[in-house]
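A.B. asks: Give me a model of this one.
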Amino acid sequence: MDLELKGRTFVITGGSGGLGLATARRLAAEGASVAICGRDEARLERATSVLEGLPGEAIGVRADVREVVDLERLVDRTLDRFGRLDGVVNNAGRAAAGAFEGLGDEEILADHELKVMAMVRLVRAALPHLKERGGAVLNSLAVSAKAPIAGSLPTSASRAAGLAWTKAMAQELAPAGVRVNAILIGYVDSDQWVRAAQDAGQSYEEFTAALAERLRIPMGRLGRSEEFADVAAFLLSPRASYVTGATVNVDGGFSPVP
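C.D. replies: Take a look at the predicted model:
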């Protein structure tokens, strides 16, 4: 299926690794141009080099998504280089989960700033340009937004807030032709599991297979970043032109809530 992404341009936060970089690769492979951002200059350069040679162009922009001026500069750099903006992917985040009694205000507010306010501010900066093209917003959330469990705060709360923003913005922006959707991930391959396997003295395959069994993931394994990227590319594409306000679980059946 041709996703009709050739010539389109997307901004991806948290694009220097993991789900963000996988999404950038998928979009660039379809002929789209991508602007990825991250705080680590060296890591950003390595990520940009990974995208070289694909049909679409790519640039890396050093940015801290918690800073309004950085987000505005990210949008400006994208427009200066590619002349258009067709979509944004809010993917920046980090693991932040623990018991409620151990959480302080500072940690809770920091997580909200990174995962919610950064999303709001990027959409605000990009919206005039998205309206010009009938663009798309995609928010990377987690299944805990719908089904939080003990020990999942503050992430589950910030992801639930992101879900509410997704639904409300989808309704408000639809008349302007801007679609807003979200992907809710479960357990996905990442560096944290590589480190955990090493600490446990196990191979990555053994460790993650045992983890999937312990978590009772119906598909019996962790997800791959490429699987997230495939769904992301579709939701950002004109092929999903009548899809807005949708929340898609990419979790191998893990979440009890559809």
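A.B. asks: From now on I want contacts and neighbour counts done on CA atoms only, so please keep to that.
C.D. replies: Noted.
A.B. asks: Provide the count of other residues in contact range of Ala95.
C.D. replies: A count of nearby residues for Ala95, using other C-alpha atoms under 10 Å, gives 10.
A.B. asks: That one: what's it in contact with?
C.D. replies: Applying C-alpha atoms under 8 Å, 6 or more residues apart in numbering, one finds that Ala95 lies in contact with Thr155.
A.B. asks: and if we set it to 10 Å?
C.D. replies: Shown in contact with Ala95 (C-alpha atoms under 10 Å, 6 or more residues apart in numbering): Asp111, Ser152, Pro154, Thr155, Gln192.
A.B. asks: Same question for Arg179.
C.D. replies: Counting by C-alpha under 10 Å, 6+ apart, Arg179 touches 87, 130-131, 134-138, 166, 169-173, 235-236, 240-246.
A.B. asks: any idea which of the contacts of Ala95 has the most stuff around it?
C.D. replies: In terms of neighbours by other C-alpha under 10 Å, the contacts of Ala95 top out with Thr155 at 25 neighbours.
A.B. asks: That one and Gly98 touch, don't they?
C.D. replies: Yes - counting by C-alpha atoms under 10 Å, Thr155 touches Gly98, with 8.9 Å between them.
A.B. asks: can you map out the strands along this protein?
C.D. replies: For the chain, strands defined by DSSP state E occupy the ranges 9-12, 33-38, 58-62, 87-90, 97-98, 136-142, 153-154, 179-185, 247-250.
A.B. asks: Show me what the last one is packed against.
C.D. replies: Packed against strand 247-250 by the contact rule (3 or more C-alpha pairs under 10 Å, 6 or more residues apart in numbering; DSSP states H and E) you find strand 136-142, helix 155-173, strand 179-185, helix 225-236.
A.B. asks: pLDDT below threshold where in the stretch 101-250 of the chain?
C.D. replies: Applying pLDDT under 70 to the stretch 101-250 of the chain picks out no residues at all.
A.B. asks: re the thing from before, the helices and strands packed on strand 247-250: which one's closest to Ala24?
C.D. replies: helix 225-236 (8.0 Å; C-alpha to C-alpha).
A.B. asks: in the closest one, what counts as buried?
C.D. replies: Across helix 225-236, burial judged by 16 or more other C-alpha atoms under 10 Å covers Ser225, Glu226, Phe228, Ala229, Val231, Ala232, Ala233, Phe234, Leu235, Leu236.
A.B. asks: Could you do stretch 93-106 as well?
C.D. replies: Gly93, Ala97.
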